[in-house]
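Enquirer: quick check, what structure comes out for this input:
(chains A and B)
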Amino acid sequence: MDVLKTLFILLIFPGGLFVLANGMVYEWADRKLVARLQNRVGPRWFQPLADLLKLLAKEEVVPESVNARLFVWLPIVALAGVLTGALYLPIAGLQPSYSFSGDLIVAVYLFSMLTLCTGIAGANTNNRFSLVGATRTLTQLFSYEAPFLLAMLGPAVAAGSWKISDIMAYSSTHPVILLQPVGFVIALIGLMGKLEMRPFDAPEAETEIVAGALTEYSGRGLALFYLGRYAELIAGLTLMSAFYLGGIHNQLDYIVKTLVLLLALAGVQTLMTRLRIDQIVGLWWRYGTLLVLLQWLVTLLLKGMVL
Amino acid sequence: MSEAVVQDKKRFVVPIGPQHPALKEPGHFEFTVDGEIVTGATVRLGYAHRGIEKAVESRNWTQSLYLLERICGICSHVHAMTYCLGVEKLAGAEVPPRAQAIRVLVAELERVHSHLLWLGVAAHEAGFDTLFMYSWRDRETVMDLLESFTGNRVNYSANILGGVKCDVTPDLASAILKGVDFLEERSRHYLNVVTTDEVFLQRTRGVGTMSKEVAERLGVVGPTARASGVARDIRIEAPYAAYADFPVQIVLAEAGDLEARFVVRIKELFESYRLIHEVIDKLPPGELQTRMPRKIKAGETISRVEAPRGEAFYFIKSNGSDNPERIKVRTPTLCNMGSVVATAVGHQLADMPMILAGIDPCFSCNDRTVAVRDAAGALVTWESLRQRRLAHQENK
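Expert: Now for the predicted structure:
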């Protein structure tokens, strides 16, 4: 019975299928919001699902010049990484399925698997656009990852624990967004970098390098990468709500807080022009990292004074 | 990385086109990059050659008008007007002033639609889709006006040899003025956006800069030249149609970068709105057309018109028969294409689509065949091309 329960948690709820389904709904909401803000009609509610089914039904073309095993496994590893990471999060307002001291670090690194796999997938092919896209993907990874992690660790430092549920308990009693506004902004923008949303979509800038690192992917592989991104959207929004927006206590809490964040993301996407990769790196290292470090210093000082 | 790329590591070439999301029409660009920095650029055109110049030689003067109008899907009126002005000059026909004024009116409405279209495309190349969507939504206003004016959205066929075939009714005049006033307000907003949006300016200010000297040396035309401070506008230098009665004020910028090209094109919109108002206010009364002979007197002439992208040039030769003997078209994109290659080097790969879009390229219009040579370099005649085609069909 225990095995069945574990499998249910891993594959169906709250991990696995539920995260994917939730991700598709949020992806649709994001696309619809951006479309409405841009004066477009936008997709119908089942569009991400329809895209997924279409891709899954299509032939997966493995290009000649690639390492075929790597080509096939990368999307699986990427999706598995995100889904595993999601198990440590309070998805849908429930207690995390698994939890241990230091799970925050593990989860954040599992979420980076997607970007890493995308980069390797691009470098694996012989396509010029993929190679340029892979370079940009990895460059972007190295620029936002440190500030994003630091921004996520901000509440952790304040809470004095690296366990997600402990930090959430702290943020339920403290207005973290007011105490660490810089961290909130950096984490939100970092999430956009992770999800390659505009203005950080240089790695897949269609007018320059077609589809970037994933140009050679089709069918199942592309579908899995997309699913990974949907799941990452859910994971990122949950983590942000749990840490900065006062925690997630029930289902309504979850829906309202993540949707508010999604609205903010859609707004930024609509307002911004795509940045060049050098501008992205400059933005993160020149401002992002410094500001978040400053935030850390202030947090530590405040903590020292209170204690 | 696979072998082919490793072997070519010294020259990493990113091909853009003939099929590429950045290109709305086929053209081929090869950018040699060092990391993200472009170190070399080449351009290859000719993918959309349609043989229109040759085809008009076997059509009569009237039929040719409709074929030439289809050279460009954006500035179709310009092509028809350039051709008509040239043929009327050859025939010595006096076109009524009302017809000439209406030609100007349609030409300026077309310029409005073309510049708004460009604004959207250029914003899209920079990844600013919101501006793209908004400017194209507003562009529908002028498309609707053109449709209610001429009956068509794209190939208006407002011109006929010897005049125009559509008139401005009082209802239409007030509709045009209302639409133009709305667009003027919107354009003011867009000018504000492209000159103050910090993120957008990062992608346009100082990018693709072309100095006045380079612009003159490369012989660029139209808004691309005017953004570099070169005062070149056929409407002012050699007024045609009714432009002598409705003078245009030139819009210049000095910077020569992408921002200047945005500013020049949007400010030209204001100039077009002013002209549209003026033409409608002072539309001369009278006939819309004059009779034209079926055969045009032998002779040759040139005809120049300021298209939205710059100078459109026609050489027209008649041998006194029903059909034109030779018509040569040169569209502004061809003059401006050299500036893409010249300004690309040293910029980032990410800037390439914008630099390319900065000249407002129109590929199928500029593709001409001057001379066809075989692999050995010998000139291929029209007759041997015919034989080749027949042989090819037989082989099928």
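Enquirer: and the helices in chain A?
Expert: For chain A, applying DSSP state H gives helices covering A:2-11, A:17-37, A:47-57, A:68-86, A:103-124, A:128-159, A:164-173, A:176-179, A:181-194, A:206-209, A:219-244, A:251-271, A:277-282, A:289-306.
Enquirer: closest one to chain B among those helices?
Expert: helix A:206-209 (4.0 Å; Cβ to the nearest Cβ). Just so you know, the C-beta spots here come from the backbone N, C-alpha and C atoms, and that holds for glycine as well.
Enquirer: got TSV for the helices of chain A, with mean pLDDT, distance to residue B:95 and mean neighbour count too?
Expert: Listed next are the helices of chain A as TSV, based on pLDDT from 0 to 100; distance: least, Cβ to Cβ, whole Å; neighbours: other Cβ atoms under 10 Å in any protein chain shown:
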stretch	mean pLDDT	distance to residue B:95	mean neighbour count
helix A:2-11	80	78	11
helix A:17-37	91	48	19
helix A:47-57	91	54	15
helix A:68-86	89	66	20
helix A:103-124	88	60	22
helix A:128-159	85	52	23
helix A:164-173	84	77	19
helix A:176-179	78	70	17
helix A:181-194	86	58	22
helix A:206-209	76	43	25
helix A:219-244	89	59	24
helix A:251-271	89	49	17
helix A:277-282	84	54	18
helix A:289-306	81	67	14
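Enquirer: between those helices, which one is closest to residue B:201.
Expert: helix A:277-282 (11.5 Å; Cβ to Cβ).
Enquirer: and the closest one, what does it pack onto?
Expert: helix A:128-159 (3 or more Cβ pairs under 8 Å, 6 or more residues apart in numbering or on different chains; DSSP states H and E).
Enquirer: how far off helix A:103-124 does the helix it packs on point, in degrees?
Expert: 170 degrees (axes from the mean of the first three to the mean of the last three Cα atoms, to 10 degrees).
Enquirer: ok and helix A:128-159 relative to helix A:219-244, angle-wise?
Expert: Using the same axes, to 10 degrees: helix A:128-159 against helix A:219-244 is 20 degrees.
Enquirer: surely residue A:176 touches residue A:244?
Expert: Yes. Using Cβ atoms under 8 Å, residue A:176 is in contact with residue A:244, at 5.2 Å.
Enquirer: what sits against the closest residue in space to residue B:371 that isn't next to it in sequence?
Expert: Of all residues not flanking residue B:371 in the chain, residue B:379 sits nearest, at 5.9 Å (Cβ to Cβ, 6 or more residues apart in numbering or on different chains). Contacts for residue B:379 were tallied using Cβ atoms under 8 Å, 6 or more residues apart in numbering or on different chains; they are B:371, B:372, B:373.
Enquirer: ok, now residue B:220?
Expert: B:210, B:228, B:230, B:310, B:335, B:336, B:338, B:339, B:359.
Enquirer: also residue A:18?
Expert: A:12, A:91, A:92 are the contacts of residue A:18 under Cβ under 8 Å, 6+ apart.
Enquirer: so can I have CSV of the helices of chain A showing distance to residue B:261?
Expert: Putting the helices of chain A into CSV (distance: least, Cβ to Cβ, whole Å) gives the following:
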stretch, distance to residue B:261
helix A:2-11, 55
helix A:17-37, 27
helix A:47-57, 36
helix A:68-86, 41
helix A:103-124, 33
helix A:128-159, 26
helix A:164-173, 49
helix A:176-179, 42
helix A:181-194, 29
helix A:206-209, 17
helix A:219-244, 36
helix A:251-271, 23
helix A:277-282, 20
helix A:289-306, 35
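Enquirer: for those, which one sits closest to residue B:346?
Expert: Taking Cβ to Cβ, helix A:277-282 is the member of these nearest to residue B:346, at 13.3 Å.
Enquirer: contacting residues around the closest one?
Expert: A:136, A:139-140, A:143-144, A:193, A:200, A:202-203, B:36, B:202, B:348, B:350.
Enquirer: pick the one among those closest to residue A:238.
Expert: residue A:193 (17.6 Å).
Enquirer: how close does that closest one sit to residue A:203?
Expert: According to Cβ to Cβ, to the nearest Å, residue A:193 and residue A:203 sit 10 Å apart.
Enquirer: need the overlap of contacts for those two.
Expert: Taking Cβ under 8 Å, 6+ apart as the contact rule, residue A:193 and residue A:203 both touch residue A:140.
Enquirer: what about the closest residue to residue B:211 other than its chain neighbours, which SS state?
Expert: Of all residues beyond its chain neighbours, the one nearest residue B:211 is residue B:256 (5.9 Å), with distances taken as Cβ to Cβ, 6+ apart. Three-state call for residue B:256 (DSSP: H, G, I helix; E, B strand; the rest coil): coil.
Enquirer: which ones are touching residue B:256?
Expert: Contacts of residue B:256 (Cβ under 8 Å, 6+ apart): B:209, B:210, B:211, B:212, B:215, B:227, B:228, B:229.
Enquirer: pLDDT at it, what is it?
Expert: Each residue has a pLDDT score; the one for residue B:256 is 87.
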